[in-house]
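Q: Provided below for reference: sequence and predicted model.
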Amino acid sequence: MTTTEAPTRLFGAAIKRREDPKLITGQGNYIEDINLPGMLHAAILRSPFAHARIKRIDTEKAKSHPGVVAVYTGKDMESLNPLPCAWQAGGVKNNVNTPRALAIDEVHFTGDGVAVVIAEDRYAAEDALALIEVDYEPLPVVVDAEEATRPGAPQLHENAPNNICMRWTCGKEQETDQALQQAEVVVRQRMINQRLIPTPMETRGYVARYDAGTDEYTIWMSSQAPHVHRLLLAAFVLGVPEHKVRCIAPNVGGGFGAKIFVYPEMAVVAFASRQLDRPVKWVETRRENYVATTHGRDHITDVELGATRDGKITSLRVTTYANLGAYLSTIAPGIPTTLYGRMITGVYKIPNAFVEVLGVYTNTAMVDAYRGAGRPEATYVIERIVDILADELGMDPAEIRRKNFIPPSDFPYDNGVGMLPYDSGNYEPALNRALELVNYEQFKRDQAEARQRGKLLGLGLCSYIEVCGVAPSKWIGLPGEGWGAGLWESANVRVHLTGKVVVTTGSLPHGQGHETTFAQIVADELGVPYDDIIVQHGDTLGTPFGYGTYGSRSAAVGGTAIFKSVQKIKEKARKLAAHLLEAAEEDIVYENGKCYVRGSPDKAKTIQELALEASVGYNLPPGMEPYLDDTTYYDPPNCTFPFGTHVAIVEVDPETGMVDLLRYVAVDDVGNVINPKIVDGQIHGGIVQGVGQALFEGAVYDENGQLVTGTLMDYALPKASELPSFELDRTVTPSPTNPMGVKGAGEAGTIAASPAVVNAVVDALSHMGVRHLDMPLKPERVWRAIHT
Amino acid sequence: MFPAEFDYTAPATIDEAIRLLQQRDDAKILAGGHSLLPAMKLRLMTPAMLVDIGKIPELRGIEIDGSLRLGAMTTYRMVLDSQAACSRLPILVDSISKIGDKQVRNMGTVGGSLAHADPAADLTAVMLALDARLTARGPNGERTIAIDDFFVDMLMTALDPAELLTRIEIPLPQGRAGTAYAKFAHPASGYAVVGVAALLSLATDGTVQDCRIGVTGAGPKAQRARAAEDALRGQQPTADRLADAAQQAADGLDILGDIFASADYRANLVRVYTRRALEQAAARAG
């Protein structure tokens, strides 16, 4: 018998991502890398008008252009169904206005697809776009969600009077209004959470290959959820059985939420491939990415917060116009409702809260989940208004937070606005640690001294909570929150004859490092070398169904499915070892990849030996099937609720309004940490995007519905040179929701950073009477606040 | 991202390039390509032919004695690598080191930037401050154009369609003189929302003998801030005098607004960055 060394514990180890050597040496495989024999290329003609009737389309000249194989319009694709809206929150079911593969009769936003050219190469396809003649009859345009609801505003869809898609509420309206009336102090503020453009490095792209011999489609897609896309495309759009569609997401160059959704171009390439019996590729240009891929945020919110004179919050009322764009994207209704309204009370014990959300159609690109999805908007509202209350009362922002934190003894905690109970939390240690790291008391002295010299220093806090691993299906699904499906995850673990382990998962990494962290989980639990484990994902052929990766759910849900599959494998291994060692099963210990009879560790069977025995199958206990192979479909009992406190310190240039982010401290509690390096990386990236929203980013449509921030020359993304080195720390409050005690870390930074930075800038100007500034804090906006 | 079809030719001599430009009025000169090619990829420009002047040896190179002479196709990188040029004119480092990124600086050219006359380019203001003289060659031979006459309007210069910018000559400031460039960069594009280039030369008594201030980003073309220049001549370059002069920097300028910065705010930036550039130039004048 051979013995292997007990592996050191990998759960919690900051090992490097195994994905990276391939990706950073150009050996990744993205959609643009997929080239099939006979493949054609698609280019899409997009509406230059934000709202117009299509009176006539003439494609004849385009069709005769050299290299062009076909030109299709929306009418040619009438056999395809409109795309489904999968999250029917707020009762949108009978009122759904989703995009079609290509627009028919009317376009509703600049960039709406009108026709597609399929050609031998992309250049020919692009040339032919200019040869398509379209007669448009321009119609009135509205881009602002509040204006769109006013009487007489231009109408987008007949079935949505005043462009209102849904009115959704949560909490206690009467009690809240009464508490506000009785409150000793009430602060009010209108806040704009501006529209953002997700901007993944890899734009969207799809390759479809229809096989006439088998009547099957294979679609390569840059996607965060290939199983869901297969389901929705087959059943709802193409009208073919699900088993006739295979979806493959190869390496995915980022998504930030925008690749969760079903898009028209998926249907376009599938349709064209079937018509022409050749593979068809479409890869989005950056300009198309900006006009035609979903955007995020875009809320107009009025908030009222009531409190006692000594700073105890009594009531919160929030009214939000959520701009949903021209059509409903796949999960758009769920973002400003379940993921926003139900998180509005944040980390505070607020006895009376009420949220009203109007989801509104406008002549703009569709709005859906973008990193954080609803929680950044909620956190911004509560963390800004709490600072405004502190200012009103002359209280220290840290003190007012401490005073209102939900105490640790209150968990599980019901926040009163319909979220599931917060699983665990201990908010004050994270705040205290963050204040200690920034040396809060010293900063206050520095700030006062700097003001004497005309220098504007500010410090901003954000104590956030978010919801990750959203589940269980019976809550989030149709009867409850309106998500038209479940939110479980699945995983298969197979130990091959050679002892090598193959994990297949329905999760879909696109930067999160699943191949590393999932292998860490298996290495520890199964007791096999890390390098003997491979994690496979992304192909609906060969991986079990999964809902995909978003909402910081993969560790808590997908990871737990793997963890549970490994437990099942270990159970079977113990049974087999009992048989081979001629012992009772209950006497078998599984430890570090070995099974032995309690008290006799020297006579052990390794998992590799057991895998071999299970595979060759000569000597199995009666009734045991061969092979170590098990699958778990895991539906968690609750969500997880990470939290923390972030602190930003800024200096504002009074002459220009330019904000310099001097320091950024983040203390996060994401439960137990599988890989600290990956969690830190997620927090870093999240902070950068949150700072981006606070200082730089903002999609702007003009009154005609033209996206004036339509390129990376106009839309400012944050750059490394504009950021300090982040100072990170953690507290650890394990989640009781899942056996690994993990919570989720993918969005925390984005959620916390925007309010922290805005609070810091407002603090820097507070002695000038500035109480609120809307994002992005462009230099001119800050300069005007100083000079008026 | 997919330019329209075009012909490409790379002449070996200036005269051949001029001949091509004469023959084809739908041709466009390709220098470093970092403005032209992005515009072509968006099909904002669709020239039928590109005349690549990158293979003409005499257009490249740096000479320095009483003046600094740059071949029009001298890249940003080559200028930054010239110790002699950068030590005499630190304004070149201030400005060029902040243009685009490394890749852009490796490809982009001094002449390309000037001939393109982007209203937010950096070198337009720098050359105004340095009083550069430009040499152009066309069908009728060679001529010299003063920089003050060169920028006509947004993306328009004094060059004729078949004329090629060949050389930029910059007089080297004598005696106690200092140059500096201060820029407020657009957070997305990196172009100047406002960029101010300043040259100060001092008389033996320490007063300002000459002062030239070039402003870019603020309006349709690079402009001189003449009111501020006039205010400074004959003054001691004290912090107060510089600040007073800078207060007049936006006077008489054509200033435009956009979604990032209104005309009002840009005027403020012109004043602030003029003071900063002047302070730096004065410090360098010693």
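A: Everything's here; your move.
Q: quickly note the distance from residue A:81 to chain B.
A: Here the criterion is C-beta to the nearest C-beta, to the nearest Å. By it, residue A:81 lies 31 Å from chain B. Bear in mind the C-beta positions are built from the backbone N, C-alpha and C, glycine included.
Q: per-residue confidence for residue 201?
A: If you meant another chain, say so; for now it's chain A. Looking at residue A:201, its pLDDT reads 97.
Q: right idea, wrong chain: chain B
A: 97.
Q: wait, it touches residue B:207, no?
A: No - contact criterion C-beta atoms under 8 Å: residue B:201 and residue B:207 do not qualify, at 10.4 Å.
Q: for the two, work out which one has more neighbours and name it.
A: The residue with more neighbours, out of residue B:201 and residue B:207, is residue B:201; 18 against 14, by other C-beta atoms under 10 Å in any protein chain shown.
Q: ok, that one - contacts?
A: B:173, B:174, B:175, B:176, B:177, B:178, B:208, B:209, B:210, B:211, B:285 (C-beta atoms under 8 Å, 6 or more residues apart in numbering or on different chains).
Q: the residue nearest to residue B:219 when sequence neighbours are not counted: neighbouring residues, count only.
A: If the residues on either side of it in the chain are set aside, residue B:219 comes closest to residue B:254, at 4.0 Å by C-beta to C-beta, 6 or more residues apart in numbering or on different chains. When neighbours are defined as other C-beta under 10 Å, residue B:254 has 12 of them.
Q: so how far is chain A from residue B:254?
A: On the measure of C-beta to the nearest C-beta, residue B:254 and chain A end up 19 Å apart.
Q: cool, residue B:218 as well?
A: Distance from residue B:218 to chain A, by C-beta to the nearest C-beta: 14 Å.
Q: could you check which helix or strand contains that residue?
A: Of the helices and strands defined by DSSP states H and E, none includes residue B:218.
Q: neighbours around it, how many?
A: 31.
Q: so it touches residue B:252, yeah?
A: No - Residue B:218 lies out of contact with residue B:252 (C-beta under 8 Å); the separation is 11.6 Å.
Q: phi and psi next, for residue A:134.
A: phi -120, psi 130 (degrees, to the nearest 10).
Q: rewinding a little: the residue nearest to residue B:219 contacts residue B:222, doesn't it?
A: No - Residue B:254 is beyond contact range of residue B:222, at 10.7 Å (criterion: C-beta under 8 Å).
Q: got the residues of the stretch 151-286 of chain B near chain A?
A: With C-beta under 8 Å from any C-beta of the partner chain as the criterion, the stretch 151-286 of chain B meets chain A at residues B:184, B:186-189, B:191, B:259-262, B:265, B:268-269, B:272.
Q: for residue 139, give me its contacts.
A: Looking at chain A here, since you left the chain open. Contacts of residue A:139 by C-beta under 8 Å, 6+ apart are A:49, A:51, A:52, A:53, A:106, A:154.
Q: sorry, should have said chain B
A: Taking C-beta under 8 Å, 6+ apart, one finds B:18, B:22, B:162, B:163 in contact with residue B:139.
Q: mind checking the SS state of residue B:169?
A: Counting by DSSP: H, G, I helix; E, B strand; the rest coil, the backbone at residue B:169 sits in strand.
Q: pretty sure it is in contact with residue B:127, am I right?
A: No - applying C-beta under 8 Å, one finds residue B:169 not in contact with residue B:127, separated by 10.3 Å.
Q: of the two, which one has the most company?
A: residue B:127 (27 against 18).
Q: thought the more buried one was touching residue B:214?
A: Yes - Residue B:127 is within contact range of residue B:214, at 7.1 Å (criterion: C-beta under 8 Å).
Q: identify the contacts common to the two.
A: residue B:222.
Q: perfect, I'm done here.
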